[in-house]
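Engineer: Return atomic coordinates for the entry below.
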Amino acid sequence: MEMKTRIAEKAKELFMRYGIKSITMDEIATQMGISKKTIYQHFVDKDALVLEVFMQVMQQNKADIIKSKEVAENAVHEQFLCSDVVSEMFAHMNPMLLFDMQRFHPSVHQQFEQYKKEFVIRFIQQNIERGIREEVYRADLDVHLISWLMLESNFICMHQPEIRDNITNLAKVEKQLTDFFLHALSTTKGVKLIQKYKKQRLKTSK
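Structural biologist: Presented below is the predicted three-dimensional model:
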């Protein structure tokens, strides 16, 4: 594996586990058994390394969501599949990570915000529109408003100390919010699908 890729992979592993602020370039070098100089040969500073890591995370997240959308049977199924993708990411992510990025790496956080506002919000809007067409979501929904509420709810929760300080809570919060919004969006037909996919999820988790 190319050294630059190896450095980014190790940094990602450490950032996800411990947050960004607490991980220094010295720590990454020590963990890899290389000199700090080697890291700086590939990344001009920590900000550049953080950007590389998050670009990879966002690209992988985007690919996983697109794949879920392609195989989903309907809009409700799509939400379940994407919820699993996000929950898996949250399950291995220190809640302080996004807080650290916003505070100490604002240029990277700006890229993350752009990703949310361009790709993620569009996916949510398209999902709601699909659900309305399939009659599994209510026809009277304000698509733009609901999309924004769904997008920001997870991230608002992350900034609450009782959640941010407990790594085990992020995936649980995401699941609960998805369940809440799905029931709020769904018609009777949609609720039946929610129950169906919940049962399927229980079977596969056993």
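Engineer: By average pLDDT, which secondary structure element in this structure comes out worst?
Structural biologist: Taking mean pLDDT, DSSP states H and E as the measure, the helices and strands of the chain show their lowest mean at helix 161-164, namely a mean of 60.
Engineer: which secondary structure elements does the helix or strand following that helix contact?
Structural biologist: Following the chain from helix 161-164 toward its C-terminal end, the next helix or strand by DSSP states H and E is helix 169-185. The helices and strands touching helix 169-185, judged by 3 or more CB pairs under 8 Å, 6 or more residues apart in numbering; DSSP states H and E, are helix 75-91, helix 143-158, helix 161-164, helix 188-205. All C-beta atoms are positioned from the backbone trio N, CA, C, and that covers glycine.
Engineer: Run the angle between helix 169-185 and helix 188-205 for me.
Structural biologist: Angular relation of helix 169-185 and helix 188-205 on a 0 to 180 degree scale: 150 degrees, by axes from the mean of the first three to the mean of the last three CA atoms, to 10 degrees.
Engineer: Go through helix 169-185 and flag the buried ones.
Structural biologist: Along helix 169-185, these residues count as buried under the neighbour rule (16 or more other CB atoms under 10 Å): 169-171, 173-175, 177-178, 181-182, 185.
Engineer: likewise stretch 144-156?
Structural biologist: Neighbour-count burial for stretch 144-156, counted by 16+ other CB under 10 Å, picks out 146-147, 150-151, 153.
Engineer: buried residues in the longest helix anywhere in the chain?
Structural biologist: Among the elements of the chain assigned as helix by DSSP state H, the one spanning the most residues is helix 46-71. Of all the residues in helix 46-71, those buried under the rule 16+ other CB under 10 Å are 46, 49-54, 57-58, 61, 64-65, 68-69.
Engineer: What helices and strands are in contact with it?
Structural biologist: Using 3+ CB pairs under 8 Å, 6+ apart as the contact test, the elements touching helix 46-71 are helix 3-18, helix 25-32, helix 75-91, helix 106-115, helix 121-133.
Engineer: Without its sequence neighbours, what residue ends up closest to residue 55?
Structural biologist: Leaving aside its chain neighbours, residue 55 sits nearest to residue 111 (7.3 Å; criterion: CB to CB, 6 or more residues apart in numbering).
Engineer: roughly how far apart are residue 204 and residue 197?
Structural biologist: 10 Å (CB to CB, to the nearest Å).
Engineer: could I get the helices and strands packed on helix 169-185 as CSV with distance to residue 35?
Structural biologist: Supplementary listing: these in CSV, determined by distance: least, CB to CB, whole Å:
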stretch, distance to residue 35
helix 75-91, 31
helix 143-158, 35
helix 161-164, 34
helix 188-205, 45
